[in-house]
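Student: Provided below are the primary sequence and the corresponding predicted coordinates.
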Amino acid sequence: MIDIPKDVTAQKTNYSRLDHVSFPFSNKPLTVAQEPARHALQAMLNAKRPVLYIGGGITNSGAGDSLLSFAEALNLPVSPTLMGLGGFPSSHPLCLGMLGMHGTYAANMAVAESDLLVALGVRFDDRVTGKLATFAPQAQVIHVDIDPANIGKNVAPTLALTGDVRQALDQFYVMAQQQGPERLQASIQQREPWWEQIRGWQRSQPLRYAGSQNQIKPQTVIRELHRATKGEALISTDVGQHQMWVAQFYPFTRTRQLITSGGLGTMGFGLPAAIGAQLALPNQLVVAVVGDGGFQMTNQEIATAIQYGLPVKVLIMNNGYLGMVRQWQEMFYDRTYSEVDISVAPDFVKLAEAYGAAGFRAERPEELRDVIEAGLNHRGVAVMDIVVSKEENVFPIVPAGANARDMIVQ
């Protein structure tokens, strides 16, 4: 941050272009060295239990297409972080789903059992690794990142490649094609037992939840949102349980389709982020999925959306709690609830209407579909207040500081 004093900014001066000033900056991607790249590819070809672990660097470098081509060429399993969602199509058969604290059973078990972990544009944060000493204990680690400060910061790699991840993936792909079809096919065939193991984990422990005839389940809300938007909406989120349910139950097909604050953990992020996205993409359906706690931190920004004619849709997961903190207090502190009950909250429908937006509410399962469709089809700003089951928990969960094998699946 550059802080310029008020008396300086208030002064008048003659303006002239600074064409003579040059800055030490280049738009050229940082190229991965050829020999380390060759060693990395050979390790991937020889690995029997590899996993591609992808993060936000895939999005930042625009590497989605390159990743898809390379993963398909070698038939490699792919597991994204929260910030990597959309970097690889969630519904693709090679995608294992998100890994980490609230990741899928198959993704976490695959990483735990892998013999090669190829980390692409990631930082090995604690929500992914859990207990570092037990993270991917059998795996060699190849880490590709444009920022050398990220490499080795948390996990020491077997092979470090500093450079642009898209350029690296394109390099890997060209080198792989040079191996010839017989070598590639032999590499793929040796991993058939690995894929059988992964498919077994997927069948035995899929993402699931108990249904209810009396309460709206939050997972059902996200699935219904996905159906109603045909999976094409741009989704922003606040922070908490709803964020994890979005990650689990709204399959993303493209980069930048999910806008979330990730490791910054910014409650109140969802609505302002949606407004920014709608400004950039005026013809795109933009939905902010928020909690009733986080929404109250920035709900006044409905006025901004109304003022500038930005037809954002807001879907509130209203459970009357700060849900993620409540879940931890339930699971790890014997239900000693403290400061998580939202006992006083506004009527969100009336609040929306007071700003000039449309307000809708669903309290029972049979009302859910109509309310979501009415909100999405409204031409202006719409707020959908969805009253969900109060004490629903996000599963799977890896307790903080534990390892993937300690997953609680239900």
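Tutor: Cool, the structure landed.

Student: Go ahead and confirm Gln197 touches Glu113.
Tutor: Yes. The criterion here is CB atoms under 8 Å, and Gln197 meets it with Glu113 at 7.4 Å. Backbone N, C-alpha and C define where each C-beta goes, glycine included.

Student: Pick out whichever of the two has more residues nearby.
Tutor: Remark: of Gln197 and Glu113, Glu113 carries more neighbours, 19 against 16, as counted by other CB atoms under 10 Å.

Student: What residues does the more buried one make contact with?
Tutor: Arg49, Gln138, Gln197 (CB atoms under 8 Å, 6 or more residues apart in numbering).

Student: distance between the ends of stretch 54-74?
Tutor: Distance between the two ends of stretch 54-74: 16 Å, counting by CA to CA, to the nearest Å.

Student: Stretch 249-260 too?
Tutor: OK, stretch 249-260 end separation, CA to CA: 15 Å.

Student: same thing with stretch 227-245?
Tutor: OK, stretch 227-245 end separation, CA to CA: 15 Å.

Student: about what we covered before: among the contacts of Glu113, which one lies nearest to Met109?
Tutor: Gln197 (8.4 Å; CB to CB).

Student: middle-most residue in this protein, spatially?
Tutor: Leu82 (2.7 Å; CA atoms, centre = their mean).

Student: buried sites along stretch 206-222?
Tutor: Leu207, Tyr209, Gln215, Ile216, Lys217, Pro218, Gln219, Thr220, Val221, Ile222 (16 or more other CB atoms under 10 Å).

Student: And for that stretch, what's in contact with it?
Tutor: Here stretch 206-222 makes contact (CB under 8 Å, 6+ apart) with 97, 104-105, 241-242, 245-246, 248-250, 289, 315, 317, 319, 362-365, 368, 372, 386-389, 392, 395, 410.

Student: As a check, name the ranges of all helices in the stretch 151-300 of the chain.
Tutor: For the stretch 151-300 of the chain, the helices defined by DSSP state H, counting those that start in this stretch cover 165-178, 181-190, 192-204, 218-229, 241-249, 270-280, 292-298.

Student: again, but for the stretch 1-150 of the chain
Tutor: 6-9, 34-46, 56-61, 64-74, 105-113, 126-129.

Student: can I get those helices in TSV with mean pLDDT and distance to Gln185?
Tutor: Shown next, in TSV, are these (pLDDT from 0 to 100; distance: least, CB to CB, whole Å):
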stretch	mean pLDDT	distance to Gln185
helix 6-9	92	65
helix 34-46	97	11
helix 56-61	96	27
helix 64-74	98	10
helix 105-113	98	22
helix 126-129	94	32
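
Student: Let's have the ones you listed in a markdown table, adding distance to Val349.
Tutor: Listed next are the helices of the stretch 1-150 of the chain as a markdown table, based on distance: least, CB to CB, whole Å:
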| stretch | distance to Val349 |
| --- | --- |
| helix 6-9 | 43 |
| helix 34-46 | 53 |
| helix 56-61 | 35 |
| helix 64-74 | 38 |
| helix 105-113 | 38 |
| helix 126-129 | 35 |
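
Student: Nearest to Gln307, out of the ones you listed?
Tutor: Gln307 lies closest, by CB to CB, to one member of those: helix 6-9, at 26.5 Å.

Student: that older thread, please identify the most buried of the helices of the stretch 151-300 of the chain.
Tutor: Per residue and on average, the most neighbours among those fall to helix 241-249, with a mean of 26 (mean count of other CB atoms under 10 Å).

Student: how far off helix 270-280 does that helix point, in degrees?
Tutor: Comparing the axes of helix 241-249 and helix 270-280 via axes from the mean of the first three to the mean of the last three CA atoms, to 10 degrees yields an angle of 60 degrees.

Student: what comes into contact with stretch 282-292?
Tutor: 222, 225, 229, 232-243, 246, 267, 270-271, 273-274, 277-278, 310, 312-320, 322-323, 342, 345, 348, 376.

Student: Show me the strands in the protein, by range?
Tutor: Along the chain, counting by DSSP state E, strands occupy 50-54, 78-80, 116-120, 140-145, 159-162, 234-237, 258-259, 286-291, 313-318, 358-362, 382-387.

Student: Tell me which other helices or strands the third one touches.
Tutor: Spelled out, that is strand 116-120. helix 34-46, strand 50-54, strand 140-145, helix 165-178 (3 or more CB pairs under 8 Å, 6 or more residues apart in numbering; DSSP states H and E).

Student: That strand - which strands sit beside it in the sheet, and in what orientation?
Tutor: strand 50-54 (parallel), strand 140-145 (parallel) (DSSP bridges).

Student: Of all the helices and strands in the protein, which has the lowest average confidence?
Tutor: helix 6-9 (a mean of 92; mean pLDDT, DSSP states H and E).

Student: hmm, back to that, among the strands of the chain, which is nearest Gln202?
Tutor: Of all the strands of the chain, strand 78-80 comes closest under CB to CB, at 12.0 Å.

Student: Now which of the contacts of stretch 206-222 would you call buried?
Tutor: Buried subset of those (neighbour count, 16+ other CB under 10 Å): 97, 104-105, 241-242, 245-246, 248-250, 289, 315, 317, 319, 362, 365, 368, 372, 386-389, 392, 395.

Student: That'll do, ta.
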